[in-house]
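> fold the following, please.
(chains A and B)
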Amino acid sequence: DTGVSQDPRHKITKRGQNVTFRCDPISEHNRLYWYRQTLGQGPEFLTYFQNEAQLEKSRLLSDRFSAERPKGSFSTLEIQRTEQGDSAMYLCASSLVGPINPYNEQFFGPGTRLTVL
Amino acid sequence: AQSVTQLGSHVSVSEGALVLLRCNYSSSVPPYLFWYVQYPNQGLQLLLKYTTGATLVKGINGFEAEFKKSETSFHLTKPSAHMSDAAEYFCAVSGTGANNLFFGTGTRLTVIP
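Sure thing, here's the model as predicted:
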């Protein structure tokens, strides 16, 4: 397994357009996280899935954002009617939470950099 | 509630000099602490973590960090900086019952030849 992958790596869109990002976690990992990182800041939590269930959403996740993990494997993050303030790096992470990793060590993908013009 | 403060958004050291990146945390539960490194246009790579047990933890690339509960600190050090250490470093905290990581704002390390 080569780790967490994300697609695309870069996306440039015009304000008002919809965009969708994909994340493929490490195959045996049961948790998948989405974070957003703006310039000069650390990653901020958006949402996470335990298998296919979305268990927590941050206040940062406005109604224009939706995430899915339909079969408990890959996940998609969609942003509708993009705004310039959505420009950021969107990071995906996965973890295997259980007896061998009760500390929730997360493994990050390379990120998708979104630019909204 | 959990949070992290990283003092110094930019740190410059000479090649071969000591690296010290500061991290202070706040946590209402026993913390799990992490240091990640991020190279330009890449994701985050785990350097080291403290969960329980020994308070001095060693990580990859010669980095280490010491958990000091009395000071609520988890500073990252490396005895001798290398040019390849130039990157952004993030401290993060989690804890029992916490489902996500809380990150600091990061410290950009520059290594001067």
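
> who are the contact partners of A:N51?
Counting by Cβ atoms under 8 Å, 6 or more residues apart in numbering or on different chains, A:N51 makes contact with A:30, A:69, A:72. Heads up, the C-betas are built off the backbone N, CA and C, glycines and all.

> swap the cut-off to 7 Å and go again
A:N51 makes contact with A:30, A:72, according to Cβ atoms under 7 Å, 6 or more residues apart in numbering or on different chains.

> quick check, pLDDT for it.
The model reports A:N51 with a pLDDT of 92.

> who's in contact with residue 87?
The chain I'm using is chain A. Residues near A:S87 by Cβ under 7 Å, 6+ apart: A:114-116.

> if you could check chain B rather than the one you did, that'd help
B:37-39, B:109.

> change it to 8 Å
Counting by Cβ under 8 Å, 6+ apart, B:A87 touches B:37-40, B:108-109.

> quick revisit: can you select the buried ones from the contacts of A:S87 in ChimeraX?
In ChimeraX, this line selects whichever of the contacts of A:S87 come out buried by 16 or more other Cβ atoms under 10 Å in any protein chain shown:
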select /A:114,116
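
> pull the contacting residues for A:D7.
By Cβ under 8 Å, 6+ apart, A:D7 lies in contact with A:21-22, A:24, A:112.

> distance check, the residue of chain A positioned farthest from its centre against chain B.
Going by Cα atoms, centre = their mean, the residue of chain A most distant from its centre is A:P99, 24.8 Å out. Distance, A:P99 to chain B, using Cβ to the nearest Cβ, to the nearest Å: 13 Å.

> phi first, then psi, for that residue.
The phi and psi values for A:P99, taken as degrees, to the nearest 10, are phi -60, psi -30.

> and it, what pLDDT?
A:P99 is assigned a pLDDT of 77 by the prediction.

> what parts of chain B come near chain A?
B:4, B:9, B:32, B:34, B:36, B:41-46, B:49, B:51, B:90, B:92, B:94, B:98-106 (Cβ under 8 Å from any Cβ of the partner chain).

> chain B: which of the contacts of A:D7 is nearest?
Nearest to chain B among the contacts of A:D7 is A:T112, at 10.2 Å by Cβ to the nearest Cβ.

> list the contacts of that closest one.
Counting by Cβ under 8 Å, 6+ apart, A:T112 has contacts A:6-11, A:21, A:89-90.

> all strands for chain A, in order.
Remark: strands assigned in chain A by DSSP state E are A:5-7, A:10-13, A:19-24, A:31-37, A:44-50, A:53-57, A:65-68, A:75-79, A:88-95, A:107-108, A:112-116.

> columns distance to B:I60 on top of these, output as TSV?
Below are these laid out as TSV (distance: least, Cβ to Cβ, whole Å):
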stretch	distance to B:I60
strand A:5-7	21
strand A:10-13	28
strand A:19-24	24
strand A:31-37	22
strand A:44-50	25
strand A:53-57	30
strand A:65-68	31
strand A:75-79	27
strand A:88-95	18
strand A:107-108	14
strand A:112-116	25
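
> okay, now the unreliable bits of the chain?
Looking at chain A here, since you left the chain open. Applying pLDDT under 70 to chain A picks out residues A:1.

> sorry, should have said chain B
Counting by pLDDT under 70, chain B contains low-confidence residues at B:96-98.

> neighbours of A:N18, just the number please.
Burial of A:N18 is recorded as 11 neighbouring residues (other Cβ atoms under 10 Å in any protein chain shown).
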